[in-house]
Every structure is written in C-alpha cells, then in structure tokens.
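A.B. asks: pasting a predicted model and its sequence here:
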Amino acid sequence: MYDINKIREDFPILSRTVYGKPLIYLDNGATTQKPRCVVEAITDEYYSVNANVHRGVHFLSQQATNLHEASRETVRQFINARSTAEIVFTRGTTESINLVASTFADSQMKAGDEVIVSAMEHHSNIVSWQLQAARKGIVLRVIPINDRGELLLDEYEKLFSERTKLVSVTHVSNVLGTVNPVKDIIATAHAHGVPVLIDGAQSIPHIKVDVQDLDADFYVFSGHKIYGPTGVGVLYGKEEWLDRLPPYQGGGEMIKNVSFEKTTFNELPFKFEAGTPDYIGTTALAKALDYVSALGIDAIARHEHELTTYALARLKAIPGMRIFGEAAERGAVISFLVGNIHPFDMGTLLDRLGIAVRTGHHCAEPLMHRMGIEGTVRASFGLYNTKEEVDALAAGIERVSRMFA
Ligand code: PMP
C-alpha cells in the first residue's frame, strides 16, 4: 500500500513553507528532496565512522571501506549489473558521460569517426562529445524527433556507417518526458557492432532499470536525482568495455605501482576512481536506493504515472495551454507554455504561491530550437507528490493566466 502521507513524513523539507505558503515542490527533474534516512546516513558516518577508505589498516578505515564497497554492491543490485567491477563511482551523470567521452574518443576513435546522439539530449550529452570533436575531429550525428517528441527510429537506422563508433542517448527526456525505446535502440546499434551509452539521469528514479536486460554498454546516472546526495553518481560499464578504456584521471587509488619510469593501473573499477572517493556520499546513495527499493520502483512508477495522467488532463483544460512532449510512452515531466506568458514570469509568479517549477531551456537548447521556442515551464514529479499539489499547480497557472489576460 502506497501511503503517501507516511512517505511525505520521511521528507522533512516537504513540511516547510515559502512566502508563508506550504511548499509544493515540482522540480524533481532538477533534483529530488532527501528522506531523513539519507541525511542521517551522512551525519552518522561523519560522527562515528569517518576515515579514508581502501588504504588504512586501522579499524575505522576498514569500517568506512566496508560501507563504501557495500554501497557499490547496492548499486550493482539496483541496476542488476553482473559485477561490482562494472560500477564506477563518479560525481554524477555529467562526469560519467565526460569520462566515457574522453577515454572512448582517445582509445577507440579517429578523426572523422562518428557518435550518434539525439535531438533531445541534455547539454551534458552534447557538449562532452563536442569537446572531443574539437580535440580529435570526431563527428556528431543527430537522431531527429517528430512533433510529439519521439525519436524517428527509421532515421536513426540510416545514420549508421562504418564510421559510427558509439551511440549515446537519453533514456528519458528531461524536457519532453519521452521514454525512449532504449532496448530497441541498443539492439539496432549492436546489429551494427556499435556500443551504446544510456543517460539514465531522468529514468533511474522512475522506472526499473536492468542493464543486462537492456544490454547497455554504459549506463550513467546521478545520485541527487534519486533522493540521494549531491556530488555522487554512477557509471555502469560492461567489464569488457571498461577494460578497453584508459584511465580518465591520474592519482591515488587508481594505480597498482608507481615509479618515475612506469606506472601500472589498478583493477576495475578503481582504475577510474582517482583520489579519495566521496565515501560518505556513496553510503548515502545506497541508503536512497534502499529507500526506493523498499517502496518498490514499480509502485513509485504507478503512483507517478497516475499523477502525470491526472496532471496532463488538468493542465490541458486550461485555456491557451501548450504542452511539449506527447510521446506514447512518457515519464513524470510536463513542459508547457500558456498563451504568450513568458516562462520566467509564469515560474516567478508560481513561486510566490509556493510552487517550485523550473523555467528556461532546461540545458537542452538544441531541443528548444527544434521546437521553435526559447524555453518552457516544467513541472516534474517525484514519489512524494500528490493530486492536491497538482490541483494547486493548475489553480496557480489559472490565476497567473488571469493576471495576464
Ligand atoms: N542528463 C539529463 C537527461 C539530465 O536531466 C541531467 C540533469 N538535469 C543531466 C544529464 C546532468 O546531470 P548532473 O547535473 O547531475 O550531472
């Protein structure tokens, strides 16, 4: 039984007010709020276990190492990876993509080789590749979308050539909410002998992800978008691929032996984890994943689907409403504009009513160009949002609309 009131009690911030109004937090696509158990995992570890990991013989260091490595196992189970060697801790989605872009381009690509991305990518999955394009002369090819915000899979097929070395696409759009058919996208790429990176930033908090079932070569996500702490994220990579890629950064932890003549590198996943990891953050991330697992990702998905369906119906009834993203399969994100009201004005006035939404281009400027707009207002739901909050959003939008009428 999905007891929303009980769930909300786990998130202290949800009972605060802003401008004297109850907070209605609908910016979960940007970051999620944290349950008490996640925050307590951070303070508990600082208060009672804090010590650097992997290199201490002393009790605390071993205890901290055990927590850190147990967290890796929690992540492994959460996404059903084969082995913890395939779970690299990073600072987040952005760093995970940059790690792959840099090391993959260096070791697997030559000038003129191509990476396929899509028209709905977040800047982190565009600019990371553009940096490599500038450095190595690699080329970006782009899967187009239709007006409903769905990838054109026939066009995708046509983009493959013998120069295609990687496909890198998002699982769920942070603007349109589109859930891309990544299993099919991966199968198509594999039929051409090409590996695939999936940006899971917007999928991991909302839908069951099984990297083996998807057959993803790389899958990346951020802890802070799944009720975990900021500053910690995950790069999943198939062992065979991670083995082939060179280290990303140099430093402690990632080496086996160092001399001025020759340095040998550590085994996976440590080869990619230079320096002291955020071992407190990883423990807290594991707590967040445990929290999500206890509620059940399928129960969360059902709740959010109901909420989104309800919200879409409510918002569509508002005169002048334009919703961007009408894919057959969509997640808990609604981007919209009303009449000629600038998204910034809408967002600012909603904020005065206690409603937190995102406005602007959502780090997806090429997608904005494709849709012929500068930005949208975006409401994105999490596991703790309610129908009453959707009602308040709809009433808020109507109120702002009347002000501009
Ligand atoms: N990809 C997508 C689809 C996103 O929504 C985001 C965050 N808005 C990112 C990548 C980047 O995530 P982070 O800033 O946590 O690295």
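C.D. replies: Good, I have the coordinates.

A.B. asks: do I have it right that residue 157 meets residue 191?
C.D. replies: No - with contact defined as CB atoms under 8 Å, residue 157 does not reach residue 191; the gap is 9.3 Å. Using the backbone N, CA and C atoms, a C-beta is placed for each residue, glycine as well.

A.B. asks: need the residues of the protein near the ligand, please.
C.D. replies: Within the chain, the positions adjacent to the ligand are 92, 93, 94, 122, 124, 170, 174, 199, 201, 202, 222, 363 by CB under 6 Å from any ligand atom.

A.B. asks: got these as TSV, with pLDDT, secondary structure and neighbour count columns?
C.D. replies: Converted to TSV, the residues of the chain next to the ligand look like this (pLDDT from 0 to 100; DSSP: H, G, I helix; E, B strand; the rest coil; neighbours: other CB atoms under 10 Å):
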residue	pLDDT	secondary structure	neighbour count
92	98	coil	21
93	98	helix	26
94	98	helix	21
122	98	coil	21
124	98	helix	22
170	98	strand	29
174	98	coil	26
199	98	strand	31
201	98	coil	27
202	98	coil	28
222	98	strand	29
363	97	coil	17
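
A.B. asks: all strands of the stretch 201-350 of the chain, in order?
C.D. replies: Listed in chain order, the strands of the stretch 201-350 of the chain (DSSP state E, counting those that start in this stretch) span 218-222, 233-237, 255-258, 263-265, 321-324, 333-338.

A.B. asks: quick one, which of the ones you listed is nearest to residue 352?
C.D. replies: Nearest to residue 352 among those is strand 333-338 (16.2 Å), distances taken as CB to CB.

A.B. asks: domain ranges for this protein?
C.D. replies: Following automatic domain parsing, the chain resolves into domains at 4-30+296-404, 40-294.

A.B. asks: and the longest one, how far out from the chain's middle?
C.D. replies: Relative to its parent chain, domain 40-294 has a centroid offset of 10 Å by CA atoms, centre = their mean, to the nearest Å.

A.B. asks: got it, and the shortest one?
C.D. replies: From the chain centre to the centre of domain 4-30+296-404 is a distance of 18 Å (CA atoms, centre = their mean).

A.B. asks: one step back: now for the residues of the chain next to the ligand: which two are most distant?
C.D. replies: 92 and 170 (14.5 Å).

A.B. asks: tell me where the stretch 101-250 of the chain has helices.
C.D. replies: Secondary structure of the stretch 101-250 of the chain by DSSP state H, counting those that start in this stretch: the helices cover 124-136, 153-158, 182-191, 211-214, 239-244.

A.B. asks: neighbouring contacts of the third one?
C.D. replies: Think helix 182-191. 116, 151, 153, 156-157, 160, 167, 169, 171, 195-196, 198, 213-217 (CB atoms under 8 Å, 6 or more residues apart in numbering).
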